[in-house]
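[1] with the sequence up front, the predicted model follows.
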Amino acid sequence: MTVLLAYDGRPNTEKALDYAIRYSINYSVPLYILTVVSKDQMDPEDPDESVREYMEAAQRKAASEGATVHTIIEVGRPGETVVEVSELYKCDTIIVGRSNRSSLDRLFLGSVSNYVVKNSDLTVIVVSGERSEE
């Protein structure tokens, strides 16, 4: 068994990171932390410093709490890449954070969590972020 966390360092995925760490430890399963960047953003062989920083911080946090953790940086479309990587690493569960964007934003911009739920045959756990006041 393994668990994959879709992570981008933003606050809504910080809650998902905490949940994924607890899940990994409670079930004694390896945790794969995945971030997906666009081809225009960077080369995965030479990640942007900010991406490298938040991935290293997530890895340190998970390891310090006792999780067996691996980080992955991929280039592609986030939802599709999360599903592909979960299959590649033979994961049993995917954990994703849900953004605080409005329903209208998600309608036009799409949602990684919605894509993963609809397109993966695995168990998908969606961790909601704090609701923003509008």
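    Now that the structure is in, tell me what you want to look at. Numbering: from 1, shown residues only.
[2] where in this protein is pLDDT low?
    Along the chain, the parts satisfying pLDDT under 70 run over 40-47, 99-110, 129-134.
[3] for it, what spans make up the strands?
    3-6, 31-37, 69-75, 93-98, 123-128 (DSSP state E).
[4] packing partners of the third one?
    The reference is to strand 69-75. Packing partners of strand 69-75 (3 or more CB pairs under 8 Å, 6 or more residues apart in numbering; DSSP states H and E): strand 31-37, helix 49-64, helix 78-88. All C-beta atoms are positioned from the backbone trio N, CA, C, and that covers glycine.
[5] tell me the most buried of those?
    Among the helices and strands packed on strand 69-75, strand 31-37 has the highest mean neighbour count (mean count of other CB atoms under 10 Å), at a mean of 24.
[6] in its sheet, what does that one sit against?
    strand 3-6 (parallel), strand 69-75 (parallel) (DSSP bridges).
[7] pick the most deeply packed of those strands.
    When the strands paired with strand 31-37 are scored by mean count of other CB under 10 Å, the highest mean neighbour count falls to strand 3-6 (a mean of 29).
[8] only C-alpha atoms, please: export that strand in CSV.
    Only the C-alpha atoms of strand 3-6 are listed here, as CSV (Å, rounded to 0.1, in the frame of the first residue of the first chain):
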residue,chain,number,x,y,z
VAL,A,3,-0.5,7.0,-0.6
LEU,A,4,0.0,9.9,-3.0
LEU,A,5,-0.5,13.5,-1.9
ALA,A,6,-1.1,16.2,-4.6
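[9] centre of the chain versus it, how much separation?
    Strand 3-6 sits 5 Å away from the centroid of its parent chain (CA atoms, centre = their mean, to the nearest Å).
[10] and for stretch 32-40?
    Using CA atoms, centre = their mean, the mean C-alpha position of stretch 32-40 is found 9 Å from that of the whole chain.
[11] contacts for that stretch?
    2-9, 17, 20, 44, 47-48, 51, 54-55, 58-59, 62, 69-78, 81-82, 85, 89, 91 (CB atoms under 8 Å, 6 or more residues apart in numbering).
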